[in-house]
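**Student:** Next comes the sequence, and after it the predicted model I'd like to discuss.
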There are 4 protein chains.
Amino acid sequence: MAVRVAVAGASGYAGGELLRLLLGHPGVEIGALTGHSSAGQPLGALQPQLVPLADRVLEPTGAGVLAGHDVVFLALPHGQSAAVAAELGDEALVIDLGADFRLSRAADWERFYGTPHAGTWPYGLPELPGARAALAGTRRIAVPGCYPTAVSLALFPAYAAGLAEPEAVVVAASGTSGAGKALKPHLLGAEVIGSMSPYGVGGGHRHTPEMAQNLSAAAGEPVGVSFTPTLAPMARGILATCTAKARPGVTGADVRTAYQKAYADEPFVRLLPAGQWPATASVLGSNAVQLQVTLDPAAGRIIAISAIDNLTKGTAGGAVQSMNIALGLPEETGLTTIGVAP
Amino acid sequence: MAVRVAVAGASGYAGGELLRLLLGHPGVEIGALTGHSSAGQPLGALQPQLVPLADRVLEPTGAGVLAGHDVVFLALPHGQSAAVAAELGDEALVIDLGADFRLSRAADWERFYGTPHAGTWPYGLPELPGARAALAGTRRIAVPGCYPTAVSLALFPAYAAGLAEPEAVVVAASGTSGAGKALKPHLLGAEVIGSMSPYGVGGGHRHTPEMAQNLSAAAGEPVGVSFTPTLAPMARGILATCTAKARPGVTGADVRTAYQKAYADEPFVRLLPAGQWPATASVLGSNAVQLQVTLDPAAGRIIAISAIDNLTKGTAGGAVQSMNIALGLPEETGLTTIGVAP
Amino acid sequence: MAVRVAVAGASGYAGGELLRLLLGHPGVEIGALTGHSSAGQPLGALQPQLVPLADRVLEPTGAGVLAGHDVVFLALPHGQSAAVAAELGDEALVIDLGADFRLSRAADWERFYGTPHAGTWPYGLPELPGARAALAGTRRIAVPGCYPTAVSLALFPAYAAGLAEPEAVVVAASGTSGAGKALKPHLLGAEVIGSMSPYGVGGGHRHTPEMAQNLSAAAGEPVGVSFTPTLAPMARGILATCTAKARPGVTGADVRTAYQKAYADEPFVRLLPAGQWPATASVLGSNAVQLQVTLDPAAGRIIAISAIDNLTKGTAGGAVQSMNIALGLPEETGLTTIGVAP
Amino acid sequence: MAVRVAVAGASGYAGGELLRLLLGHPGVEIGALTGHSSAGQPLGALQPQLVPLADRVLEPTGAGVLAGHDVVFLALPHGQSAAVAAELGDEALVIDLGADFRLSRAADWERFYGTPHAGTWPYGLPELPGARAALAGTRRIAVPGCYPTAVSLALFPAYAAGLAEPEAVVVAASGTSGAGKALKPHLLGAEVIGSMSPYGVGGGHRHTPEMAQNLSAAAGEPVGVSFTPTLAPMARGILATCTAKARPGVTGADVRTAYQKAYADEPFVRLLPAGQWPATASVLGSNAVQLQVTLDPAAGRIIAISAIDNLTKGTAGGAVQSMNIALGLPEETGLTTIGVAP
């Protein structure tokens, strides 16, 4: 019998991608769709790519409308999930695509978000050690941020295997859908086309503590992260260039072996053949992570580069993957590793 | 039992898109994959987006390798399909993604392609009047060109209903994948990014007679087409702006009614609500046609604009749709109307 | 002695491009710069490309601040120029980059803009017959719209020579800077990258009557225009595909001769060698018009295609060119025909 | 009296940009233009943006044709400059846009280029300590690589002031014109649009030793560089994110002061106001470097990010700037800090 799902925040990019995936999920029936300023509008005017749902009208977000579903996805602005989740009770699986429940240390939350910490939910990145066990049967899931997904999967095998010094340097490029549909001058097409620019430089990006949390857990010691995000002239995709100094004596073969082991059985992670590097186009619209790693012998650094679709594996696809685990469905249901390229 | 398919020309854009769709088709098993200069290479090096086929090695194209399949897709350069098809015999369904068998008049072929005409096969644009009947059970299918798909579907309802004068003016923009993987200076990224340019202007584009053929059939009289294709700075998508003078007395309501009737039962064509216009992003990776039409009262012209993905509905998706009809499968199998947007 | 200029609306795309050109104009000294919501901000925060003006602070737009300049450029929203111009008096050369004074027929203005007609100023498209004479010494200039610039220059020679039937069909693609810096959802980078879409279809775009006015003047009879603008995934550039039925007996040589004559002495218009077609990249940042024309013998239509930079020749460059004429400076001062490509 | 210049390799991207700048240089007269496979073609067919030179025909590259000019620019494939330069004699100023004479250590050259080292010429990055003195009056100039220009200017002030540990980590994104006009599949528009991808990862890129050479000279000790270049979906521009661990006790104020001092009198380098970060669009077509630097207190790293136009400051503009110095002309002649944006 189909699982009945609701999506709060169906007008945004995360909500739209989620609905695209859910429409192709054989075990799911789409229930309430809600919005805030877009309530009352037909989805076809907001998400014209979702043809089968074009005539569905958005309802105002609220616990009443979301009640009575087996799964509720929250694609809301940061800080709004806790109140909604509290009203939904424990019978529903609540999956938060926002940041509210990702961080385990209240101090991190408060420093980067400036509000009281709402708590910590099981973390929806199944490829991390121990993550699947925490997701099985849970009624609450915190979906990771898009950058932390790309960066954690690129670097955790090196840390889990004790190969890297605990200071990572990450520079990532993201398509502009990562910034959402908010109307800001620097996100206008004329500004972003033909231009690369950084933002949140110097440790200020909110995804930084989430990366550190994941890599520290893998390393068993605190790992610092220098993170520089950049905006790239494309709609989707993250390319994360992640480097760390190799521990003394570590060889290229050690590195490769660690990554092969970490990802031998992962359905969505493809460690590329040696010498082939990932491109974001290869994962467009897919839940795949394409990944390569090498050791720069002169610089003594491990260089791991991952490509994901920020809206799919980085947001909505990761959410569906985690939902599948929580509900006991086959993990790959409704998801693909095949990108839409070129 | 699964239908066994072979793809000749698996290294190109059409071949790659075909394999993307076939991997998601529940009734199909992928057999031989062939290439010319790419024979011997693993598909993962050529089509990194096709993760499940990454280790498959391309074989040299030839009738021997293609024999023994239920369906053979030919994604070969123009003029090479006839010889291969002849060797395959009638037991196989042969689907030509090239131009060889699209035109019914030998004179048209010879003028635009310069070689002897090889013949005419059932035409794989099921939405045209009579097309489905010709495709049912056939062993040979000529897949339409990408531009003729977009233009014929935008204009045939006006001609079939007798609403338009027999001179169409079409200006279409295409993503650069439409030009294929051939290495030509004007297709370099640095040339096409940030630039719009026309080509094949003044009646010279080979898709012109194919459009005229389709519209003339719908009109029951010869329809001339002025066609200007332009290259747009995007990887995929066709936006076809198609206009024709309205016959005297024709009203906007007449036009709308004709289109509503023509597409009432078509699973892949979405006539948008009045006032909403299509965007190519909405159909990316999908087999949908998004379409709008209006009557410009001052100019007295019908303006119909369609958006398709040139590689999906315009090539590989149209091929799969026609294959489904020929094999008696549900027409929508393995295809979607949902685009990957933004 | 340097001419002292003020720019009202210096924070927008038109204002920024104007300042870029004026900074390279040897006869000009830049005076007051004004803005509305941006008043009080340094220009470096709004137009970071204008390094020499980075520390200039915008003042609130008003006649007081603009007074005392030899030339005042108005890059204001439609409908605001008349009041400002009235206060400036006749000693200043006032150049309006908005639409207020472009149309000669009040009925056209009122139908498309919905407010009372403010009047008609000399029209800043010097290449049109008689335009230079009207601009010489004038104190008021209406700068043409970007689309009318591209379209009028593509088609007027055909009409002036009596070669074309009085019904033009135009489809043009524009970079998204043409829509200005207004914050609208459909102008977000994630929406426009990778997508082509039409707007203002069916005769509704406000530039339509301006094109018809120019072409009718050239033809000596009313010329109707079917105009479809489309938004292309690039920051700048207009490619205008303009067609009209050729009058009976007109040959390709007639057409070519007419265009060669019309543009023999024009410094900014390049009629390309036969067979070469324009690309918008070739005119990026330049005041050039690159142009080609042919006769499609089968369709009986003249196809003229022009490429301009919408912000340069289409707005700010055209304004500077007209200013030069009005002030008696050499027309090419501060302008170039050389594009920034690739 | 005008300096007479020749350009060998006028058909490529570097040659085209050089001619664009030289056409605007008041002290220069353009002489011979040469090409290899393009010899005999009019420049208008190869560089349609260079309208004033459209009818100039390329001659075959050779010392005979290049002789008799005051300045000869060589935009040739690596390894071809030495032979041509030898034939030109010492009376001409020879400016090599290739790599042949950039590296001072033969071992570096041989490891990265695989041929015998041809020698070392004065290095055309005037902003580096001592560089202007070496360029004044020279008859030979090695123009820096595009990445080393962006990276050296971003980091040398930190090293010159002794603020950074001698291990730099650099990730840079480049527009695809950086790869030149060579016809390679991964440079096709359909491949690069909508995609980010790395290349030359792990220390293999040929610009790595050039960066290390510049930074080591500034530091007075060997500086290692971990360099990862990525290809971005834009035609032009480099954004270089450059980081290094701060030496113990270094403060943010120390860092800012060092950069302010280093660039106080540099006409082409703009250190942005604190909090504003560079975007490549701001420097398009200009010789400017826009730069920002900060200290990440948590990670203990200096983050310096520079934006340049790879073809202008990164190649042809840097060449003209150095030519001006060598000839005793004002350094800014023919160059601008103003970008073409948006």
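**Tutor:** Received it, and whenever you're ready, just let me know what you need. Numbers count the residues shown, from 1 in each chain, chains lettered A, B, ... in the order given.

**Student:** rest of the way, CA atoms for contacts and neighbours
**Tutor:** OK.

**Student:** Only C-alpha atoms, please: export the worst-scoring helix or strand of chain A on mean pLDDT in PDB.
**Tutor:** In chain A, the helix or strand scored least confidently by mean pLDDT, DSSP states H and E is helix A:81-88, which has a mean of 89. Only the C-alpha atoms of helix A:81-88 are listed here, as PDB (Å, rounded to 0.1, in the frame of the first residue of the first chain):
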ATOM      1  CA  SER A  81      10.700  23.000  11.400                       C
ATOM      2  CA  ALA A  82      10.700  22.400  15.100                       C
ATOM      3  CA  ALA A  83       7.200  23.900  15.700                       C
ATOM      4  CA  VAL A  84       5.600  22.100  12.800                       C
ATOM      5  CA  ALA A  85       7.300  18.800  13.800                       C
ATOM      6  CA  ALA A  86       6.100  19.100  17.400                       C
ATOM      7  CA  GLU A  87       2.500  19.300  16.200                       C
ATOM      8  CA  LEU A  88       2.700  16.300  13.900                       C
END
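
**Student:** ok, now which ones touch residue A:326?
**Tutor:** A:135, A:136, A:137, A:138, A:139 (Cα atoms under 8 Å, 6 or more residues apart in numbering or on different chains).

**Student:** just those residues now: which is nearest residue B:176?
**Tutor:** When those are compared for distance to residue B:176 (Cα to Cα), residue A:135 wins out at 43.1 Å.

**Student:** and the stretch 201-342 of chain A, which residues reach chain D?
**Tutor:** A:201-203, A:224-226, A:228, A:232-239, A:241, A:277-281, A:294-299, A:301, A:303, A:342 (Cα under 8 Å from any Cα of the partner chain).

**Student:** what sits against the residue in the stretch 151-300 of chain A that chain B sits nearest to?
**Tutor:** Closest to chain B within the stretch 151-300 of chain A is residue A:282: 4.2 Å, counting by Cα to the nearest Cα. Shown in contact with residue A:282 (Cα under 8 Å, 6+ apart): A:290, A:338, A:339, A:340, A:341, A:342, B:48, B:49, B:50.

**Student:** can you do 10 Å?
**Tutor:** Each residue near residue A:282 by Cα atoms under 10 Å, 6 or more residues apart in numbering or on different chains is listed here: A:237, A:288-290, A:307-309, A:337-342, B:47-51, D:191, D:195-197.

**Student:** same thing with residue A:325?
**Tutor:** A:124, A:126, A:132, A:133, A:134, A:135, A:136, A:137, A:138, A:331, A:332, A:333.

**Student:** Quick check: the farthest pair among those residues?
**Tutor:** Across the contacts of residue A:325 (Cα to Cα), the longest gap, 19.2 Å, separates A:134 and A:333.

**Student:** picking up where we left off before, pull out the buried residues from the residues of the stretch 201-342 of chain A next to chain D.
**Tutor:** Those of these that meet the buried threshold are A:201-203, A:224-226, A:228, A:232-239, A:241, A:277-281, A:294-296, A:299, A:301, A:303, A:342, by 16 or more other Cα atoms under 10 Å in any protein chain shown.

**Student:** In strands, which of these fall?
**Tutor:** Judged by DSSP state E, these include A:224, A:225, A:226, A:228, A:238, A:239, A:241, A:294, A:295, A:296, A:301, A:303 as members of strands.

**Student:** My read is that residue A:264 contacts residue A:272, right?
**Tutor:** No - with contact defined as Cα atoms under 10 Å, residue A:264 does not count as touching residue A:272 (11.9 Å).

**Student:** mind checking how far the nearest residue to residue A:117 once chain neighbours are set aside is from residue C:129?
**Tutor:** Leaving aside its chain neighbours, residue A:117 sits nearest to residue A:106 (5.4 Å; criterion: Cα to Cα, 6 or more residues apart in numbering or on different chains). As for residue A:106, its distance to residue C:129 is 73 Å (criterion: Cα to Cα, to the nearest Å).

**Student:** Residue in the stretch 151-300 of chain A with the shortest distance to chain C?
**Tutor:** For the stretch 151-300 of chain A, Cα to the nearest Cα, closest residue to chain C: residue A:189, 3.5 Å.

**Student:** How far off centre is the host helix or strand of residue A:324?
**Tutor:** Residue A:324 belongs to helix A:317-327 when assigned by DSSP states H and E. In this view, helix A:317-327 has its centroid 12 Å away from the chain centroid, taken as Cα atoms, centre = their mean, to the nearest Å.

**Student:** Any chance of the ones in strands among the buried ones among the residues of the stretch 201-342 of chain A next to chain D in TSV with pLDDT as columns?
**Tutor:** Formatted as TSV, these follow (pLDDT from 0 to 100):
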residue	pLDDT
A:224	98
A:225	98
A:226	98
A:228	98
A:238	98
A:239	98
A:241	98
A:294	98
A:295	98
A:296	98
A:301	98
A:303	98
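
**Student:** Reformat those residues as TSV; add distance to chain B.
**Tutor:** Converted to TSV, those look like this (distance: Cα to the nearest Cα, whole Å):
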residue	distance to chain B
A:224	33
A:225	30
A:226	30
A:228	24
A:238	14
A:239	15
A:241	19
A:294	18
A:295	22
A:296	23
A:301	26
A:303	20
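
**Student:** So what would you say the end-to-end distance of stretch A:151-169 is?
**Tutor:** 10 Å.

**Student:** tell me the mean pLDDT for that stretch?
**Tutor:** Here stretch A:151-169 scores 98 as its mean pLDDT.

**Student:** One more: stretch A:254-272?
**Tutor:** pLDDT averaged over stretch A:254-272 gives 98.

**Student:** Distance across that stretch, terminal residue to terminal residue?
**Tutor:** Termini of stretch A:254-272 sit 16 Å apart (Cα to Cα).

**Student:** That one and chain B, any residue contact?
**Tutor:** Yes - for stretch A:254-272, a contact with chain B is found by Cα under 10 Å from any Cα of the partner chain, at A:268, A:269, A:270, A:272.

**Student:** Contact residues of the stretch 51-200 of chain A facing chain C?
**Tutor:** Counting by Cα under 10 Å from any Cα, the residues of the stretch 51-200 of chain A close to chain C are A:175-195.

**Student:** Among the residues you listed, which ones are in helices?
**Tutor:** A:189, A:190, A:191, A:192 (DSSP state H).

**Student:** What helix or strand is the residue in the stretch 1-150 of chain A that chain B sits nearest to located in?
**Tutor:** Going by Cα to the nearest Cα, chain B is nearest to residue A:49 of the stretch 1-150 of chain A, at 4.2 Å. According to DSSP H and E, residue A:49 maps onto no helix or strand at all.

**Student:** Tell me, what's the model's pLDDT at it?
**Tutor:** Looking at residue A:49, its pLDDT is 98.
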